[in-house]
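# here is the input, now give the coordinates:
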Amino acid sequence: MIAATGLSGCGMGLGRNPDMAELMRSQEAMRANMGDPEAMMAKAQLMQEVMNNPDLPAWHDQREKMSMAIGDRQFEQNFERVFDSMTVALASLGCRVNNMERASGYITASIPELPPTQLESLQQEGLRQYAVAKGYSADIFDKKAGPYDIDPNAMMSRYMSGLTLSMVKQTPTLTKVKLRFDNVYYPGLVDQYYAVVWRAVDKQMFLDKGLD
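Residues are numbered from 1 along each chain as shown. Down below sits the predicted model:
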């Protein structure tokens, strides 16, 4: 009876060796869940640089050239007509007007709403350029380092971006408009915002011609 009990105990697998392949898979899964500490540290350091100074000298130069090339426009319409068309165009883009002074021809508003996929793509392009300029790998933000990883796109969207429209009456039938964007640093994104706003303005100016 004693011998049978002993054999029964052995048969229950009390002395069974662990499956090494299964153990290795378990350890690999644990490492994957914890993430790469070095990668997380590098991304955190880079994100700190983005928060402290999100601009680059090369970007600043590109934006300056862009503002001179496509930031100013003249419309062969009286000041009142242009001002009204600008406010309607901004509303059509979902921009929230923060300040509007007709006497000075000054409007500040939130930036237009881009399609989420387009905005995310442009933000990622900007982050890659920023990473390379700071000496990091271009794909540092593309790789998920773990469940506690930083979402750079979500952090970038927290910046209080906006736009400013300044209108000046040059003649009774000629109005100059200056469009600028605040706290939008990546030139590719700025270029897209220029295109979106001016396209909406041109459309509204065309529609408003029927009111004259």
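
# what sits against F79?
With contact set as C-beta atoms under 8 Å, 6 or more residues apart in numbering, F79 has these partners: G105, M167, K169, T175. No exception for glycine: its C-beta is placed from N, CA and C like everyone else's.

# could you do G94 as well?
By C-beta under 8 Å, 6+ apart, the contact list for G94 reads P112, E113.

# next one: the residue lying closest to S85 once chain neighbours are set aside from D55, what distance?
Counting by C-beta to C-beta, 6 or more residues apart in numbering, Q204 is the residue found nearest to S85 once chain neighbours are left out, at 4.6 Å. Computed as C-beta to C-beta, to the nearest Å, the Q204 to D55 distance reads 32 Å.

# neighbour-wise, which of these two wins?
More crowded of Q204 and D55, by other C-beta atoms under 10 Å: Q204, with 20 against 13.

# now which of the contacts of F79 would you call buried?
Neighbour-count burial (16 or more other C-beta atoms under 10 Å) applied to those gives G105, M167, T175.

# looking at those, which are in strands?
Using DSSP state E, the subset of the buried ones among the contacts of F79 located in strands is M167, T175.

# of the buried ones among the contacts of F79, closest to Q192?
Proximity of those to Q192, judged by C-beta to C-beta, is greatest for M167, which lies at 22.7 Å.

# and the residue lying closest to the closest one once chain neighbours are set aside, what does it touch?
Among residues not flanking M167 along the chain, G105 sits closest, at 3.5 Å (C-beta to C-beta, 6+ apart). By C-beta under 8 Å, 6+ apart, the residues touching G105 are F79, F83, S166, M167, V168, K169.

# mind putting the residues you listed in CSV, distance to I140 and pLDDT included?
Shown next, in CSV, are those (distance: C-beta to C-beta, whole Å; pLDDT from 0 to 100):
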residue, distance to I140, pLDDT
F79, 49, 96
F83, 45, 97
S166, 39, 98
M167, 43, 98
V168, 45, 97
K169, 50, 96
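
# contacts for stretch 172-184?
67, 71-79, 82, 86, 111, 159-170, 190, 193-194, 197-198, 201.

# could you measure from D55 over to G126?
For D55, the distance to G126 (C-beta to C-beta) stands at 11 Å.

# where do the contact lists of these two overlap?
Overlap of the contact sets of D55 and G126 (by C-beta under 8 Å, 6+ apart) consists of Y185.

# mind checking which helix or strand of this structure has the lowest mean pLDDT?
Within the chain, no helix or strand scores below helix 2-11, which has a mean of 43 by mean pLDDT, DSSP states H and E.

# helix/strand/coil for the residue nearest the centre of the chain?
Nearest residue to the geometric centre of the chain (C-alpha atoms, centre = their mean): Q123, 3.8 Å. Classification of Q123 using DSSP: H, G, I helix; E, B strand; the rest coil returns helix.
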